[in-house]
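1. Sequence and predicted structure below; questions after.
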Amino acid sequence: MIYTMTLNPSIDFIVEVADFEVGILNKIQKEAKFPGGKGINVSQVLKRLGTDNKALGFVGGFTGDYIVDSLKQRGIVTDFVEVQEDTRINIKLKTGQETEINGQGPTIQEPELTALLNKIDALTANDVLVLAGSIPQSLPVTIYETLASIATKKGAKVVADTTGEVLLNVLPNKPFLIKPNHHELGELFDVKIETVEEAVPYGKRLVEMGAQHVIVSMAGAGALLFSKDVALYANVPKGVLKNSVGAGDSVVAGFLSNYFRTGDVQQAFKYGVASGSATAFSPELCTQQEVEELLPQIKLTTM
């Protein structure tokens, strides 16, 4: 079973207001709300690609109930730890340009954290744990390192889609997959990366530091895959950018969905790139049909 971890999920409340002005009454023209969080995005795309999974993390209050109900309606099994405070709401105000106001999220109490750790301790060698998204302020910054360590000792595969020191600290646990973008890769090594060629030595270094597979997304310039014996470049298919939210999460979901059907890393990489592009070319997260329509356009080149 693939388990996704969203420690600080949200309701993403999308609001469109024409000619927004501070200090007066503004009326909403269009609104929508969705369950949000990188791990939850991975769960949704996995399900859309036909791969069952279970969503883990913390939820609380009426906002937490909304997230659980929404995921269940999408056919996703959940096993969240319930906390005392409400799950946060993130506001995305669209008025010409987009403004985001993100909530902090609930305080996680020690018994609630213990309950989550117990769930990870029950994983087996047949399981995958996807760690993705922000860490609540009330949790130690080492929480991903702790979760990865427990899962690895149980024989489970770990996927880490995070950044900075949090990602570096997961590497000694030899994660199955990590997925920084080229900006995040540069920040790891305190360099600026703008081209595919500039990214190659640093992607290889992450493999040397412990990652089994590294996908570096380069936005419109394509993506790179690094493993022990291979470095590959994938082009981006043709399409019009409509939505960058969830594109990276779709790469992770597409890779995992295909890998656990085929066991072929290169095919999984192609499927991941097609999934990320399909989300970027769609108003919301990709569908299986959209992914498979783009797949023939993805070509791999050895670096």
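-> Thanks, I have it.
2. I'd assumed Val130 was in contact with Asp161.
-> Yes. Using Cβ atoms under 8 Å as the test, Asp161 is close enough to Val130 to be in contact (7.1 Å). Any C-beta I mention is one placed from the backbone N, CA and C, and that applies to glycine too.
3. Pick out whichever of these two has more residues nearby.
-> The neighbour comparison of Asp161 against Val130 (other Cβ atoms under 10 Å) goes to Val130, with 29 against 25.
4. hmm, back to that, between Asp161 and Val130, what contacts are shared?
-> 42, 252 (Cβ atoms under 8 Å, 6 or more residues apart in numbering).
5. Tell me where this structure has helices.
-> In the chain, the helices defined using DSSP state H lie at 38-48, 61-73, 110-121, 143-153, 164-170, 182-188, 196-208, 247-262, 265-280, 288-294.
6. so what's Trp271 up against?
-> Just so we're on the same page, residue 271 is Tyr rather than Trp. For Tyr271, the contact set (Cβ under 8 Å, 6+ apart) comprises 254-255, 257-258, 291, 295.
7. So which elements touch the lowest-mean-pLDDT helix or strand in the chain?
-> Taking mean pLDDT, DSSP states H and E as the measure, the chain has strand 97-101 as its least confident helix or strand, at a mean of 85. For strand 97-101, the packing partners by 3 or more Cβ pairs under 8 Å, 6 or more residues apart in numbering; DSSP states H and E come out as strand 88-95.
8. could you give the angle of the strand it packs on to strand 97-101?
-> For strand 88-95 against strand 97-101, the angle by axes from the mean of the first three to the mean of the last three Cα atoms, to 10 degrees is 160 degrees.
9. ok, strand 88-95: who's next to it in the sheet?
-> Sheet pairing for strand 88-95, assigned by DSSP bridges, gives strand 10-16 (parallel), strand 97-101 (antiparallel).
10. how much distance is there from it to the middle of the chain?
-> From the chain centre to the centre of strand 88-95 is a distance of 19 Å (Cα atoms, centre = their mean, to the nearest Å).
11. Thr95 is in contact with Asp19, correct?
-> Yes. Asp19 lies in contact with Thr95 (Cβ under 8 Å); the separation is 7.2 Å.
12. Looking at those two, which has the bigger crowd around it?
-> Thr95 (15 against 7).
13. What residues does that one make contact with?
-> Per Cβ under 8 Å, 6+ apart, neighbours of Thr95: 16-20.
14. let's see 10 Å
-> By Cβ atoms under 10 Å, 6 or more residues apart in numbering, the residues touching Thr95 are 15-21, 26, 29.
15. For it, list each beta-bridge partner.
-> Gln97.
16. swap in Phe34?
-> Asp12.
17. since we're on it, how many residues are nearby?
-> Neighbour count for Phe34, taken as other Cβ under 10 Å: 21.
18. That one touches Asp12, doesn't it?
-> Yes. Contact status for Phe34 versus Asp12: in contact at 4.9 Å, counting by Cβ atoms under 10 Å.
19. which regions of the stretch 151-300 of the chain sit below the pLDDT cut-off?
-> Residues of the stretch 151-300 of the chain meeting the criterion pLDDT under 70: none.
20. measure stretch 134-144 end to end?
-> End-to-end distance for stretch 134-144: 10 Å, by Cα to Cα, to the nearest Å.
21. which parts of that stretch are buried?
-> Residues of stretch 134-144 classed as buried by neighbour count (16 or more other Cβ atoms under 10 Å): 134-136, 138-139, 143-144.
22. And stretch 11-24, by the same measure?
-> Per 16+ other Cβ under 10 Å, stretch 11-24 contains these buried residues: 11-15, 17.
23. just stretch 272-287 next, same as before
-> Within stretch 272-287, the residues that count as buried by 16+ other Cβ under 10 Å are 272-282, 285-287.
24. show me the contacts for the closest residue to Glu100 other than its chain neighbours.
-> Excluding its sequence neighbours, the residue lying closest to Glu100 (Cβ to Cβ, 6 or more residues apart in numbering) is Lys92, at 5.3 Å. With contacts defined as Cβ under 10 Å, 6+ apart, the neighbours of Lys92 are 12-16, 32, 34, 36, 98-102, 245.
25. List the beta-bridge partners for Leu225.
-> Beta-bridge partners recorded for Leu225 (DSSP bridges): Ile215, Leu232.
26. How about Val77?
-> Under the criterion used (DSSP bridges), Val77 bridges to Lys54.
27. burial measure for it, as a count.
-> Number of residues near Val77 (other Cβ under 10 Å) recorded here: 14.
28. these two touch, right, it and Lys54?
-> Yes. If you go by Cβ under 10 Å, Val77 and Lys54 touch, sitting 4.6 Å apart.
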